Structure formats: C-alpha cells, structure tokens
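S.K.: build me a model:
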Amino acid sequence: MTQQVGVALACVLVAVLLVACVQGRDMILEFKDVQFFQGEQTASSPAAIKLSGLAFHSSLAVREITTSQYDESLQVLVHLTPAAAGLSGNFDYILHIPASVNTVSFGREKAVIWTRSGGVVQHR
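M.R.: Below you'll find the model as predicted:
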C-alpha cells in the first residue's frame, strides 16, 4: 500500500510541476499562427495601424497585447492564456507608431508587418 501512495504522490508532484512550468512561461502568438490577419494603416501623421486576426489555437485566448520598442523597431506581442468564459482568440488593436519607429514586427519571431517606407507589408 505504501508503494501505491508513493507512486500517487510522485504523479501529483509531476503534474504540479508541469502546470507551474506552463503558467510561468508566457505564451506569445506568432504571425504564422494567425488566421485572417489584417493590418490597415489608419493614419499617417502620426502613423497608426489597426491590427486584427484570430489566434489559430483552439484552446487558447488572447489575454493582452503589449509592445516593446528597440531602437527603430516596435515589437507587438499578443499574449495568450487558456480559453475561459468571456475570452476569445480574436484580437483587434490600434497601434500608434512613434515617429522614431521605422518597422513594426509581430511575435517573438519578429515577422515584419509594417515599414515606414512601405506601409503594411504582411497580409493574409
């Protein structure tokens, strides 16, 4: 009986560690995993683009959208979370682009979706 208890406790410990690892790792949507992506320039001075699409992960929903600026590039990160009531995989976001930015990228893989000289460069 004690061996069964030990095995059960080991299984519980492994499950807890797996959940902690998943929760501690920020899930970011990559451009290749976006369905119906649309990028539309809504203003030119100052520049702004409307980004929208659907996360192609049936069990995940959009939690928030953040941006980070590095030199002349702005990176858009769509943070995902396990799907729950009231959350959706859709996103619709107006991005205001500072005058110092010349490119906008999407996700950790930094897929370029906009350049100052060419406008929106990624479509689906």
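
S.K.: what packs against whichever strand or helix holds F36?
M.R.: Assigned by DSSP states H and E, F36 belongs to strand 34-44. Helices and strands touching strand 34-44, by 3 or more Cβ pairs under 8 Å, 6 or more residues apart in numbering; DSSP states H and E, are strand 47-55, strand 111-115, strand 119-120. Every C-beta, even on glycine, is put in place using the N, C-alpha and C of the backbone.

S.K.: what do you get if the cut-off is 6 Å, keeping everything else the same?
M.R.: strand 47-55, strand 119-120 (3 or more Cβ pairs under 6 Å, 6 or more residues apart in numbering; DSSP states H and E).

S.K.: of all those, which lies closest to S100?
M.R.: Comparison of the helices and strands packed on strand 34-44 against S100 by Cβ to Cβ identifies strand 47-55 as nearest, at 11.0 Å.

S.K.: just to revisit the earlier point, send me the strand holding F36 as PDB with only the CA atoms.
M.R.: What follows is strand 34-44 as a C-alpha-only set of coordinates in PDB (Å, rounded to 0.1, in the frame of the first residue of the first chain):
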ATOM      1  CA  VAL A  34      -2.700  34.000 -37.000                       C
ATOM      2  CA  GLN A  35      -5.800  33.400 -39.200                       C
ATOM      3  CA  PHE A  36      -7.500  36.200 -41.000                       C
ATOM      4  CA  PHE A  37      -4.700  38.700 -40.200                       C
ATOM      5  CA  GLN A  38      -5.400  42.200 -41.300                       C
ATOM      6  CA  GLY A  39      -3.200  45.200 -41.000                       C
ATOM      7  CA  GLU A  40      -4.600  48.500 -42.100                       C
ATOM      8  CA  GLN A  41      -2.900  51.900 -41.800                       C
ATOM      9  CA  THR A  42      -5.500  54.200 -40.200                       C
ATOM     10  CA  ALA A  43      -3.300  57.400 -40.100                       C
ATOM     11  CA  SER A  44      -0.100  58.600 -41.500                       C
END
